[in-house]
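In: Everything below, folded, please.
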Amino acid sequence: MVQTKDFDNEFDNFVMNLERPLGAGTLKAYKSQFLVIRSNFDIPLFEISNKQFLDYLESATTKGGKVLSVNTKKNLLNIMVMVKKQVNEKDYKELYDAREKLRSDVDTAIKEKHENLDLDSMTSYDELVKYLNVQNNTSYIINYLLLYYCVRNRDLDLTISEYSGEIPDSGNHLLIDKDKIIFVRNDYKTYNTHGQLKFDINGKTFVKIVKQMHKRGDTKLLKTKAADKEIRGYTMQGLSETEICKIVVHHFLMNNKYSEVFEISKRRGTSIDTLLQNYNFKYINAD
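Out: Alright, predicted model coming up:
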């Protein structure tokens, strides 16, 4: 059983000796992965030999008894690589090589998964555009931002208000500024990496609908705490934000519009590597 105080001290020392600071989301993920390893060894991570750890990784299972996915193994190995880099160059190099091999396996697994998809049954980008054009009010705003900005559910927790001359540094907003809407995000998944995201939206229909909603006093885009369920209630065939983003990325890649994929990367706040590996039906190795 891991002693809480000992674990916290060990993890804090690990974080303190990292080469660069971590964002809150990364820190949370690392701490969870750190605890998974520590729970299986009654000694500090830096004292675990490479053989012990690699043997464990070979047969490790979830609490439910399922074999760990290649990606989960890679993430746990990544933690150990960083730990060993802080204390032992020789051990670090051995684990580093093992991690790179797993990264290759993850790449192959993603490619095989995407190659087996039935693309003929997939909703097309053009169908999403047609669906958007017959929507109104909240549905139009949600589908517009999902289609052209590939936002996540959390990003759609928006407040509509008039632009006062200052950009809020918290929350997500649609700010009415004459004939444009300033789309501001401070509360989204990768904020610690990309910081505040701010875009001007000039689409006439979008601006008109936002202004109409504000005039009616309809200033909160989402009305419930069940964001995923509420958003799917507005999308075509109940598609999720992830599914819509995949359709968008696929469309641009298949039409050789690579600049549009880079634009989606900026608008969503997601790296190009992530888009190419996880949001691409016709898988392309990001390397």
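In: I figured residue 235 hits residue 146, correct?
Out: Yes - between residue 235 and residue 146 there is a contact under Cβ atoms under 8 Å: 6.8 Å. (Each C-beta comes from the backbone N, C-alpha and C, glycine too.)
In: and for these two, which residues touch both?
Out: Residues touching both residue 235 and residue 146 by Cβ atoms under 8 Å, 6 or more residues apart in numbering: residue 244.
In: With neighbour numbers in mind, choose between the two.
Out: Taking neighbours as other Cβ atoms under 10 Å, residue 235 and residue 146 compare with residue 146 leading, 28 against 22.
In: Now do the buried residues in the helix or strand where that one lies.
Out: Using DSSP states H and E, residue 146 sits in helix 137-149. Across helix 137-149, burial judged by 16 or more other Cβ atoms under 10 Å covers 138, 139, 140, 141, 142, 143, 144, 145, 146, 147, 148, 149.
In: So for residue 25, what pLDDT did the model give?
Out: At residue 25, the predicted lDDT confidence score is 69.
In: The helix or strand encompassing residue 15 - contacts with which helices or strands?
Out: If you go by DSSP H and E, residue 15 is part of helix 4-16. The helices and strands touching helix 4-16, judged by 3 or more Cβ pairs under 8 Å, 6 or more residues apart in numbering; DSSP states H and E, are helix 24-40, helix 70-87.
In: For the buried residues of helix 137-149, give me a markdown table that also has pLDDT and distance to residue 251.
Out: What follows is those, written out as a markdown table (pLDDT from 0 to 100; distance: Cβ to Cβ, whole Å):
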| residue | pLDDT | distance to residue 251 |
| --- | --- | --- |
| 138 | 96 | 25 |
| 139 | 96 | 21 |
| 140 | 97 | 20 |
| 141 | 97 | 21 |
| 142 | 97 | 19 |
| 143 | 97 | 15 |
| 144 | 98 | 16 |
| 145 | 98 | 17 |
| 146 | 97 | 14 |
| 147 | 96 | 10 |
| 148 | 97 | 12 |
| 149 | 97 | 15 |
